[in-house]
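predicted model follows, preceded by the sequence.
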Amino acid sequence: MTDVHTPQQAQADTDATAPFGTSEPGLDGTVTGATAGPSAGWPRWAWRQLTSMRTALILLFLLALGSVPGSLLPQEGTDLAGVQQYFASHPALAPWLNRLGLFNVFASPWFAAIYLLLFTSLVGCVVPRTFRLAGSARTPPPRAPRYLQRLPHSASYPSALAPDAAVGVAAAVLGGHRFRLRRPGAADSGHWVSAEKGYLREAGNLLFHLALVGVLVSIALGGLFGYKADKLLVEGQGFADTTAALDEFNPGRLVSGSDLAPFSLTLNSFSASYEASGEPAAFHAYVTYSASPGAPAHSYDLQVNHPLAVDSVKVYLIGHGYAPVFRVTTARGQVVYDQATPFIPANTGTLLSEGVVKVSAATPSQLGFEGVFVPTAVSVGGTLESAFPAPDYPAVSLIGYSCSGCLNSAVPQSVYQLDTTGMRQVTAAPQLLLPGQSWTLPGGEGTLTFVGYKQWVSLAITYDPGQLPALVCGILALGGLLLSFLVRRRRVFVRAVPAVAGTGSVVTVGGLARTDASGGFEDEFAELSAELADADAAAAGQPPVSGAPSVPGAPPGEEREPNNQSETGA
């Protein structure tokens with residue numbers, strides 16, 4: 001006897017085993033149920049290639065790869081002095097790197113091109129998928145196939161109920177498991193119910209991609225409206241958050257000096273503790289700050305990884321060092337220089353620091369000094385070194401220079417460097433000074449006194465309006481990724497036909513899971529089939545069915561091996 005398929009039933013057989021969400025471009029750029037032929041044209045082909053997942057992953061990899069030189073090489077926006085030093089140290093290589101924009105990576109055209117292409121790729125991928133997901137959320141499951149035995153998982157059990165009643169019991173059980181149900185319509189024949197579950201998988205996939213777009217938008221938001229600044233502050237000094245008071249200011253594309261937060265901050269004191277090996281143990285910068293002019297002052301213990309948050313701005317402690325205090329007097333006793341001068345660490349382990357002192361008000365000649373500060377002075381082979389980063393035995397070693405008007409040059413000079421061109425060295429050998437000691441300069445040039453030392457801190461002031469949105473989007477992306485990995489999209493079909501002999505019916509259950517890479521649907525299907533059989537027996541007033549329902553075409557207890565033909569709905 002030959003089975004006859006109606007057009008509706010033939011379509012149901014195809015829909016039931018077709019991939020979930022067909023006839024639409026997938027995230028990998030493929031199209032199921034439709035073929036883009038040559039008539040589509042190059043623009044459509046290029047757009048599909050750009051919005052494919054493969055292209056998005058390649059662009060994401062290129063974005064990460066392009067960020068590497070921005071982390072390894074000094075950047076013009078954050079370390080201009082480092083860029084100049086790199087040019088001086090690598091005169092042959094630096095010009096080539098500069099032509100490639102590697103000293104200003106995040107503002108270079110090629111980095112912006114990668115960023116924009118990635119943004120376009122994700123938007124072009126996510127927006128159509130959003131509409132498809134919204135449509136699939138309203139789409140009922142497909143009709144039940146005629147031959148459920150052809151599905152990858154199937155089982156059957158006898159029922160004392162009529163076919164329609166047996167299907168009604170199965171529908172109640174599946175509905176209790178929150179399956180979306182579909183019953184036969186007026187144009188359908190037979191007694192069946194279709195159930196589908198796992199829509200959250202697609203929602204998780206969509207959430208992941210939307211969150212990636214959100215991360216990119218957050219980064220762009222920070223680049224446009226955020227800013228970064230640096231400030232070196234000596235103990236006892238304070239500053240207001242203005243462009244004139246900052247040492248370095250790197251605004252976003254749409255930020256001006258008037259957009260800075262109007263807070264002020266004073267460094268009261270700084271303390272550092274070290275292990276016996278010289279490793280840092282803790283840093284504490286005790287500051288007083290006001291959120292705005294006239295606002296109450298507050299105290300704060302600024303530490304590494306414990307920034308100060310004030311008026312949407314975060315102030316980070318990123319470095320510290322020593323600032324020797326020098327007093328320079330003329331031969332007549334006039335004080336022309338009396339202040340703490342920050343020295344920059346040349347050895348971060350021992351905090352041996354280098355620095356210069358420029359005394360442009362000295363008479364009869366201007367004076368300049370360059371040298372080193374050692375927190376714990378020791379002599380190693382006649383060379384002054386520091387044995388420990390704490391100031392256990394502080395000392396300075398200086399070389400003096402004099403000139404007439406050379407410090408008033410129109411050429412700008414760094415405060416941490418002394419151009420000795422045209423200057424006369426005062427003494428042939430460096431002068432070693434301990435706190436409180438003075439050095440009388442030859443030739444009636446005056447006296448320099450090493451009064452003592454203070455400590456300084458380096459502060460990073462950042463405002464990034466995209467930081468919190470980026471964090472939220474990152475968490476959402478992780479949640480969406482977990483949903484897409486943990487949730488399985490599966491379909492279960494139940495069909496009942498009258499029994500060949502006697503009353504009752506034969507119920508067949510079929511199952512399909514196209515996204516079961518992690519496994520587990522076989523056990524779920526077996527448990528669900530047993531529950532359906534027990535519920536049917538209970539509705540008929542019979543004892544529960546012992547064991548699992550039988551699998552057509554296989555001995556009891558033996559699992560049927562699905563073939564490729566049945567899995568593709570042939």
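In hand now; what should we look at?

pretty sure Gly422 is in a strand, no?
No: under DSSP: H, G, I helix; E, B strand; the rest coil, Gly422 sits outside any strand and is assigned coil.

and it, what pLDDT?
Gly422 is assigned 81 on the pLDDT scale.

quick one: it from Tyr401, how far?
10 Å (Cβ to Cβ, to the nearest Å). Placement of C-beta: from N, CA and C, glycine included.

over to Asp464?
44 Å.

who has more neighbours, Gly422 and Tyr401?
Neighbours per residue, other Cβ atoms under 10 Å: of Gly422 and Tyr401, the larger number sits with Tyr401, 23 against 11.

list the contacts for that one?
367-370, 418, 420, 423-426 (Cβ atoms under 8 Å, 6 or more residues apart in numbering).

switch the cut-off to 6 Å
368, 420, 423, 425 (Cβ atoms under 6 Å, 6 or more residues apart in numbering).

counting neighbours, which of the residues you listed comes out on top?
Going by other Cβ under 10 Å, Gly368 tops the contacts of Tyr401 with 23 neighbours.

what does the host helix or strand of that one rub up against?
Assessed by DSSP states H and E, Gly368 sits inside strand 366-374. Around strand 366-374, the neighbours that count as contacts under Cβ under 6 Å, 6+ apart are 322, 324, 343, 352-354, 356-360, 384, 386, 395-403, 407, 418.

and the nearest residue to Val426 once chain neighbours are set aside, what are its bridge partners?
Sequence neighbours aside, Gly400 is the residue nearest to Val426 in space, at 3.6 Å (criterion: Cβ to Cβ, 6 or more residues apart in numbering). Per DSSP bridges, the residues bridged to Gly400 are Phe369.

how close does Gly400 get to Arg182?
Gly400 is 94 Å from Arg182, by Cβ to Cβ.

more neighbours: which of these two?
Gly400 (23 against 20).

do you know the pLDDT at that one?
93.

do Phe388 as well
For Phe388, pLDDT reads 94.

which residue is the nearest non-sequential neighbour of it?
Counting by Cβ to Cβ, 6+ apart, the residue nearest Phe388 is Thr376, at 4.0 Å.

repeat for Thr243
Closest to Thr243 by Cβ to Cβ, 6+ apart is Gly257, at 4.2 Å.

gap between the one you found and Val506?
Gly257 is 82 Å from Val506, by Cβ to Cβ.

which one of the two has more residues nearby?
Val506 (17 against 12).

what's the helix or strand for that one?
With DSSP H and E as the criterion, the answer for Val506 is strand 505-513.

next secondary structure after that strand?
In the C-terminal direction, the helix or strand that comes right after strand 505-513 (DSSP H and E) is helix 521-539.

other SSEs contacting that following helix?
strand 153-159, helix 163-176, strand 505-513 (3 or more Cβ pairs under 6 Å, 6 or more residues apart in numbering; DSSP states H and E).

tabulate those (JSON lines), appending mean pLDDT and distance to Arg490.
Output for the helices and strands packed on helix 521-539, formatted as JSON lines (pLDDT from 0 to 100; distance: least, Cβ to Cβ, whole Å):
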{"stretch": "strand 153-159", "mean pLDDT": "92", "distance to Arg490": "9"}
{"stretch": "helix 163-176", "mean pLDDT": "93", "distance to Arg490": "11"}
{"stretch": "strand 505-513", "mean pLDDT": "92", "distance to Arg490": "4"}
